[in-house]
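**Student:** Got a predicted model here, sequence first, then my questions.
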Amino acid sequence: MPRCFRIALAIALALSFACRSAPSSEQRVELEAPAMGTLFRVVLYAHDAAAGERAARAALERVAELERALSDYREDSELVRLGARSDAQAPTEWVELSADLERVLRASQQLAGLTDDAFDVTVGPLSALWRRARRQQELPRTDRLAAALEACGWSKLELDPLAPRARLLAPRMRLDLGGIAKGYALDQALALLQREGFERAMVVGGGDVVAGRGPPSQPGWRVVIAPFDDERERVELHLEHSAVSTSGDAFQVLELDGKRWSHIVDPRSGWALATRTSASVIAPYATLSDALATALCVLGPEGLAKLRHFDGVEARVVRELEHGFERTATPGFASVR
């Protein structure tokens, strides 16, 4: 997962928990911990604060467990070990997957097909190349881009339809779940809280939020997003039983000769995005909102038409152009406010 706190375009996340009407016997519990290159926060309401704290701690431990499996930065992660096999042989032998990695990869492959390849977790070799470019403060060489593209492509990742296993069909493949793993972790954390009986709960990770039932006497969890850290683009949402993710180039950028290159890479061309773009997606669950926010940054406003494939999804894309901000949204995006 990127260490850039993928909170996308200096997103301002303002969370308000105050009750405006009758007091509740439930107490607010809040815990946080670093994971996946950002800070995860659990907020819930509980009649028994001690029980709520135990559940919140267990939810954060679940996130840490997922980081150990899904991170592309940890050399000991299940994801990195899977990619390392393609250095020895291609195609690789079938590799058994944990339940979590299997779920994320199957969802990723489906989303790749539904987004015209704009979302692709096999983008790892390109991600590594652009990370090096930011460190070296120089654009990648075209021959290295071409070589990295040869090791990318979601059709080169094969999942067994009958068993939890995968194999890689090209040499030097690497998987990067930075555009979906955080959302999946949020969904898993919230599911754990709900199994423990805490329905009034929310989990935040960088620019991603997933919400259960709202706080007492409130219409939902208040979330404010401000792409580009610009108050003119500020949007206030009230979430309940849904998720929102915002993606874009907040911090990890390469600036050369007056041009800005994002940390988000178009997996089809191999080039980092050069137009500042913010995409916010509201969806029934965070795994979907996280991935679609990344895809919409690549596709731009034209990508909003792809959302017809998904139920209960609304989105807004903001681009910074020479003449100012260009804003495009689905009709239902404003109704969530």
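**Tutor:** Received, thanks.

**Student:** okay, CA-based contacts and neighbour counts for the rest of this
**Tutor:** Noted.

**Student:** quick check, Arg172 in a helix?
**Tutor:** No: going by DSSP: H, G, I helix; E, B strand; the rest coil, the assignment for Arg172 is coil, not a helix.

**Student:** and it, how many neighbours?
**Tutor:** Arg172 has 21 neighbours, counted by other C-alpha atoms under 10 Å.

**Student:** What of Glu102?
**Tutor:** 18.

**Student:** For the spatially most central residue of the chain, list the residues it contacts.
**Tutor:** Note on the chain: the residue nearest the mean C-alpha position is Asp290, at 3.5 Å, using C-alpha atoms, centre = their mean. Asp290 sits next to Gly179, Ile180, Lys182, Gly183, Asp208, Val244, Ser245, Thr246, Ser247, Val281 when contact means C-alpha atoms under 8 Å, 6 or more residues apart in numbering.

**Student:** will you turn these into a markdown table that also has distance to Gly37 and secondary structure?
**Tutor:** Formatted as a markdown table, the contacts of Asp290 follow (distance: C-alpha to C-alpha, whole Å; DSSP: H, G, I helix; E, B strand; the rest coil):
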| residue | distance to Gly37 | secondary structure |
| --- | --- | --- |
| Gly179 | 12 | coil |
| Ile180 | 13 | coil |
| Lys182 | 10 | helix |
| Gly183 | 13 | helix |
| Asp208 | 13 | strand |
| Val244 | 19 | strand |
| Ser245 | 16 | strand |
| Thr246 | 16 | strand |
| Ser247 | 14 | strand |
| Val281 | 21 | strand |
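
**Student:** related to what we said a few turns ago, where's the residue nearest to the centre of the chain, which helix or strand?
**Tutor:** helix 286-299 (DSSP states H and E).

**Student:** The nearest residue to Ile282 once chain neighbours are set aside bridge partners, please.
**Tutor:** Spatial nearest neighbour of Ile282, excluding adjacent residues (C-alpha to C-alpha, 6 or more residues apart in numbering): Val244 at 4.4 Å. Val244 forms beta bridges with Val209, Ile282, as assigned by DSSP bridges.

**Student:** From Gly332, how far out is Val244?
**Tutor:** 14 Å (C-alpha to C-alpha, to the nearest Å).

**Student:** Compare the two (neighbour count), which wins?
**Tutor:** The neighbour comparison of Val244 against Gly332 (other C-alpha under 10 Å) goes to Val244, with 30 against 14.

**Student:** doesn't Ala286 make contact with the more buried one?
**Tutor:** Yes: using C-alpha atoms under 8 Å, Val244 makes contact with Ala286 at a distance of 6.7 Å.

**Student:** Between the two, which contacts overlap?
**Tutor:** Asp208, Val209, Val210.

**Student:** Next, count neighbours for the first one.
**Tutor:** Read it as Asp208. Count around Asp208 with other C-alpha under 10 Å applied: 28.

**Student:** and if you look at Arg232?
**Tutor:** 10.

**Student:** name the helices or strands packed onto the longest helix along the chain?
**Tutor:** The helix that spans the most residues within the chain, counting by DSSP state H, is helix 49-70. In terms of contact count using 3 or more C-alpha pairs under 8 Å, 6 or more residues apart in numbering; DSSP states H and E, helix 49-70 is assigned the packing partners strand 27-35, strand 38-46, helix 78-88, helix 99-114, helix 181-195.

**Student:** For Pro125, find the nearest of those.
**Tutor:** With C-alpha to C-alpha as the measure, helix 78-88 is the member of the helices and strands packed on helix 49-70 nearest Pro125 (10.3 Å).
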